[in-house]
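Q: Prediction below, plus the sequence it came from.
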Amino acid sequence: PAPARPRPPWLPPQPRPGVFAVRYGLQKRGISMELIKGISKETQGNCTLYHITSLTDEIKEELRRFLVAICYGEEKASWGIDAYSYQNTLEAVLLRCSQQGKTPSEERIKGMVGELLAHLLFRIEGDFHIASAFFNLEEKSFKKGFDIILLDTTNNTIWITEIKSGEKHADAKNVSDAIKDLINEAKLDLKKRLNNDNIVLWDNAINAARNAMIDSTDEKKAVVDILKGYINKAAKKEIRSSQENVILLGNLFHPLSELSSIDSLKEKHTEICDKKLFGNTIIIATQQETYNNIYNFLKSEAQSCQKN
């Protein structure tokens, strides 16, 4: 047999308490903690709320550490070639924020920052193996299809993640309602896609996993085998959202002078579960002042790399 490959630096050496609260016995009580400096975290049941209080050096270092693996997947990140260097990846991210060379739109940047942040949080937490990359395979855009596909290795189950990002609308009573609106958008999106037996959607998921995950690993084989089952069910028109595990994630950009509430997330979780829309549901929300801090950091990093 081939010798074991060294463990990539973006995989934590041991599982850490994180999003999948049931695994750590946190489901019956609220847990509040600091994930890393600059990110506070509160967990209640299968709901987790993050507040990004500032873009600290610790968060910046995690972005530097994970960016290539997030964008291209762990396999390409492990190659160590110039095409997938940190500098080239920064430039690729910024290029994808533009629309065919035009000035980047605010909505596009919000979506990019929100999805990038979600990828980063999953990697810092280390609860799941990530089976999809941020970048789209065929063109210079962000990923189409499911936002993130995750593998829970404790029972070889797939979790489909949908991410919605935005600011507080004028008709939202408070920030908690604004986040619930984002969660509701994610819910409706996944409910629609997980009930229409779209073979192309699952074919894209298989290709994404093959491209993103380290070759010749048990995790990659498990993900591809599970997704083969899904595409076969789609071909027979047997896919139902009520049977699938989902993560609904809302990123709200709003001043932290008005904080969102974990209790509000729990209410939304109960509402969704009572309707039996999905098999199992995790809700995650993040709140930070603005999307510009991460976007400006990436621009600054790209400029620094060019000077060096």
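A: Great, that's in hand.

Q: what are the pairing partners of the helix or strand bottoming out on mean pLDDT in the chain, and which direction each?
A: In the chain, the helix or strand scored least confidently by mean pLDDT, DSSP states H and E is strand 31-36, which has a mean of 83. Strand 31-36 pairs in its sheet with strand 39-44 (antiparallel), by DSSP bridges.

Q: C-alpha coordinates for the strand it pairs with, PDB please?
A: The C-alpha trace of strand 39-44 is given here as PDB (Å, rounded to 0.1, in the frame of the first residue of the first chain):
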ATOM      1  CA  ILE A  39     -15.300  35.600  17.100                       C
ATOM      2  CA  SER A  40     -17.700  34.900  20.000                       C
ATOM      3  CA  LYS A  41     -20.000  31.900  19.800                       C
ATOM      4  CA  GLU A  42     -23.200  30.800  21.500                       C
ATOM      5  CA  THR A  43     -24.800  27.400  21.000                       C
ATOM      6  CA  GLN A  44     -28.200  26.200  22.000                       C
END
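
Q: next structured bit after that strand?
A: Downstream of strand 39-44, the first helix or strand assigned by DSSP states H and E is strand 47-52.

Q: pLDDT on that following strand, on average?
A: Taken as a whole, strand 47-52 carries a mean pLDDT of 97.

Q: Only C-alpha atoms, please: export it in PDB.
A: The C-alpha trace of strand 47-52 is given here as PDB (Å, rounded to 0.1, in the frame of the first residue of the first chain):
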ATOM      1  CA  CYS A  47     -28.400  26.400  16.700                       C
ATOM      2  CA  THR A  48     -25.200  28.400  16.800                       C
ATOM      3  CA  LEU A  49     -24.700  32.100  16.700                       C
ATOM      4  CA  TYR A  50     -21.400  33.800  15.900                       C
ATOM      5  CA  HIS A  51     -20.600  37.500  16.500                       C
ATOM      6  CA  ILE A  52     -17.500  38.700  14.600                       C
END
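
Q: Can you list the strands that it pairs with?
A: strand 39-44 (antiparallel), strand 280-288 (parallel).

Q: Can you name the next helix or strand after the last one?
A: Proceeding N to C from strand 280-288, the next assigned helix or strand is helix 292-307, under DSSP H and E.

Q: Show me what that following helix is packed up against.
A: Packed against helix 292-307 by the contact rule (3 or more Cβ pairs under 8 Å, 6 or more residues apart in numbering; DSSP states H and E) you find helix 57-72, helix 86-97, helix 106-125. Heads up, the C-betas are built off the backbone N, CA and C, glycines and all.

Q: Make JSON lines out of the ones you listed and add distance to S40, mean pLDDT and mean neighbour count.
A: Below are the helices and strands packed on helix 292-307 laid out as JSON lines (distance: least, Cβ to Cβ, whole Å; pLDDT from 0 to 100; neighbours: other Cβ atoms under 10 Å):
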{"stretch": "helix 57-72", "distance to S40": "12", "mean pLDDT": "96", "mean neighbour count": "19"}
{"stretch": "helix 86-97", "distance to S40": "26", "mean pLDDT": "92", "mean neighbour count": "18"}
{"stretch": "helix 106-125", "distance to S40": "12", "mean pLDDT": "93", "mean neighbour count": "20"}
